[in-house]
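Q: Following is a predicted model, sequence given first.
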Amino acid sequence: MSDYTYQHFNVTFPPERQYVAHVEINRADKLNAFVESMWLELSTIFTRLSSDPSVRAIVLTGAGDRAFTAGLDVKAASEGLLSDSNTASDSARKATQLRRHIAEFQECISAVEKCEKPVIVAYHGISYGLAIDIGVAADVRVCSADVQFTVKEVDIGLAADIGTLSRLPKVVGNFGWVKEVALSARIFGADEALRVGYVNRVFKNKEEAVRGALDLAGLIASKSPVAVQGTKELLNYSRDHSVAEGLRYTTVWNSAMLQTNDVTAALLSGIQKRKPTFEKL
């Protein structure tokens, strides 16, 4: 495995779960709150993992007992924005600088969604603001019973701009509930998140949530990487297009992907009652 060493993230590859990567946000002393260098690193990590043939599924967690992430480090962000805007001579130029900055931030978080490999987020404790932006860009979300979620941005004078308002309604399918939590910034817990479909499962504590996420990642990683990556691509495409468009794209996609040897390997393993093995992709 090539070197994955970063300042604010731990990237490991659990030996007992082949083809699984574990990415851990590692700023526990600051509740894993994000500064600019962190979201840039996040993009770099998921872009690398996307094309790493030794990785087939990814789990994202937060270090420490208190928080997955408290969201954006507001103090650092406000100082940076004020410094940037002070260099511009008028409001249009300030707006241009801010637009570029926000777009870059969005692209970094979208790297999670664009990653070819399925991404499972395991939440625990404080999971505010950016935690939701990251989670809705992932494929599967689980949490511990002590989790505290909030779409926090209105409390700091912002409309959430990194992905929550665009993706959360499509994740839970309850527009009224999304408006309620986004407009109020109220905290909601594990039971409510499970009820509305934001998380797939609730575990007793962080340790069990991480273990459950890694187990699911291991199960996914045991499948054909051609099939798994194709399924993620087609589901994401179909979410944003009509049924007819989704079917047509699936036809084009599978006209190439059905030629894989993975189909034969899977069928033969079923007949022979053995676990199939698949080449790296």
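A: Done, it's in. Numbering: from 1, shown residues only.
Q: C-alpha from now on. contacts and neighbour counts both.
A: Will do.
Q: Just the element for Gly246, please.
A: Element membership for Gly246 (DSSP states H and E) is helix 243-257.
Q: C-terminal to that helix, what's the next element?
A: Beyond helix 243-257 on the C-terminal side, the first helix or strand identified by DSSP H and E is helix 262-272.
Q: next one: that following helix to chain centre, how far?
A: The chain centre lies 32 Å from the centre of helix 262-272; the measure is CA atoms, centre = their mean, to the nearest Å.
Q: What of stretch 99-114?
A: On CA atoms, centre = their mean, the centre of stretch 99-114 falls 12 Å from the chain's centre.
Q: so Glu24 sits in a strand?
A: Yes: per DSSP: H, G, I helix; E, B strand; the rest coil, Glu24 lies within a strand segment.
Q: which ones are touching it?
A: By CA atoms under 8 Å, 6 or more residues apart in numbering, Glu24 lies in contact with 9-11, 60-63.
Q: In a markdown table: those, plus pLDDT.
A: What follows is the contacts of Glu24, written out as a markdown table (pLDDT from 0 to 100):
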| residue | pLDDT |
| --- | --- |
| Phe9 | 98 |
| Asn10 | 98 |
| Val11 | 98 |
| Leu60 | 98 |
| Thr61 | 98 |
| Gly62 | 98 |
| Ala63 | 98 |
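Q: Let's see if you can find the most crowded of these.
A: With neighbours defined as other CA atoms under 10 Å, the most crowded of the contacts of Glu24 is Gly62; it has 29 neighbours.
Q: contacting residues for that residue?
A: By CA under 8 Å, 6+ apart, the neighbours of Gly62 are 24-26, 28, 32, 68-69, 123-124.
Q: returning to what we had before: rebuild the contacts of Glu24 as JSON lines, extending it with secondary structure.
A: As requested, the contacts of Glu24 are arranged in JSON lines below (three-state DSSP):
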{"residue": "Phe9", "secondary structure": "strand"}
{"residue": "Asn10", "secondary structure": "strand"}
{"residue": "Val11", "secondary structure": "strand"}
{"residue": "Leu60", "secondary structure": "strand"}
{"residue": "Thr61", "secondary structure": "strand"}
{"residue": "Gly62", "secondary structure": "strand"}
{"residue": "Ala63", "secondary structure": "coil"}
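Q: ok so, going back, which one of the contacts of Gly62 sits closest to Ala160?
A: For the contacts of Gly62, the closest approach to Ala160 (CA to CA) belongs to Thr69, at 15.9 Å.
Q: What's opposite the residue nearest to Asn10 when sequence neighbours are not counted in the beta bridge?
A: Distances taken as CA to CA, 6 or more residues apart in numbering place Glu24 nearest to Asn10, at 5.0 Å, with adjacent residues excluded. Each beta-bridge partner of Glu24 is listed here: Asn10, Thr61, as defined by DSSP bridges.
Q: Report the separation between Glu24 and Ile120.
A: The gap separating Glu24 from Ile120 is 12 Å, by CA to CA, to the nearest Å.
Q: list the residues that contact both of the two?
A: For the pair Glu24 and Ile120, residues contacting each of them under the criterion CA under 8 Å, 6+ apart are Leu60.
Q: per-residue confidence at Thr69?
A: What the model reports for Thr69 is a pLDDT of 98.
Q: Test my guess that Ala266 contacts Pro276.
A: Yes: applying CA atoms under 8 Å, one finds Ala266 in contact with Pro276, separated by 5.8 Å.
Q: Tell me the one of the contacts of Gly62 nearest Val172?
A: Each of these was checked against Val172 using CA to CA; the closest is Tyr123, at 16.7 Å.
Q: domain ranges for this protein?
A: Domain ranges of the chain: 9-222, 225-272, per the TED database.
Q: picking that back up, turn the contacts of Glu24 into CSV, including distance to Asp139.
A: CSV is the format used below for these (distance: CA to CA, whole Å):
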residue, distance to Asp139
Phe9, 20
Asn10, 20
Val11, 19
Leu60, 11
Thr61, 14
Gly62, 17
Ala63, 21
